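Enquirer: Return a 3D structure for these sequence lines:
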Amino acid sequence: MSIHIPESIADRRPAYVQLSYVQGGTPPHVSTTRATYTIPTNRLGLLTYTNCAIRRVSNSTILNRASLVTNYTPMSGAIATIMRLEVLLAATPSIANKDMLLNMPLFAGDTIDITTIDVSVGGTHDIVMYTGILLYDL
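Expert: So this is what the prediction gives:
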């Protein structure tokens, strides 16, 4: 599959940024930002997709949640969650995944981040997160 970029956009130096976090055997942890990107001055962005998957690989002793989150923070500073994926089972195998195709415009100073949270007691997860951003000159 190829992506057609109109000539009016193609002459604006398009670039692609991918945020990613892939980790096996992740133990419980507080909210941790795994990757972040801020749209630079004189550029426009287009959030094209976000996807994530989480799989419990060892049992936790107490049922609690593990979350994968994609956040959007506009230059004004009001944080909004674009996607949240949670796993609530203590035993293996518990698996969750989610994909979203988007066409969300981003402006200079806007920030996208991917964050993980696991407040369970014991146990580990395999985590995969990707988010794609197209950039263009103004």
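
Enquirer: can you give me the helices for the chain?
Expert: Secondary structure of the chain by DSSP state H: the helices cover 7-10.

Enquirer: could you point out where it is predicted with low confidence?
Expert: For the chain, the stretches flagged by pLDDT under 70 are 1-11.

Enquirer: That one: strands as residue ranges?
Expert: 15-26, 29-38, 43-58, 66-73, 80-87, 95-106, 111-118, 124-137 (DSSP state E).

Enquirer: Is it possible to get a markdown table of those that adds mean neighbour count?
Expert: Backbone N, C-alpha and C define where each C-beta goes, glycine included. Formatted as a markdown table, the strands of the chain follow (neighbours: other Cβ atoms under 10 Å):
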| stretch | mean neighbour count |
| --- | --- |
| strand 15-26 | 13 |
| strand 29-38 | 14 |
| strand 43-58 | 19 |
| strand 66-73 | 21 |
| strand 80-87 | 15 |
| strand 95-106 | 14 |
| strand 111-118 | 21 |
| strand 124-137 | 19 |
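
Enquirer: so what's Thr73 bridging to?
Expert: Per DSSP bridges, the residues bridged to Thr73 are Thr111.

Enquirer: Isn't it up against Asp110?
Expert: Yes. When contacts are counted by Cβ atoms under 8 Å, Thr73 is listed as touching Asp110 (7.0 Å).

Enquirer: Nearest residue to Asn64 in space, ignoring adjacent ones along the chain?
Expert: Ser120 (4.1 Å; Cβ to Cβ, 6 or more residues apart in numbering).

Enquirer: I'd like to know how many residues surround the one you found.
Expert: As a burial measure, Ser120 scores 23 neighbours (other Cβ atoms under 10 Å).

Enquirer: That one and Arg84, how far apart?
Expert: Remark: distance between Ser120 and Arg84 (Cβ to Cβ, to the nearest Å) = 16 Å.

Enquirer: got it, and Gly123?
Expert: Look at Gly123 and Arg84: by Cβ to Cβ, they are 20 Å apart.
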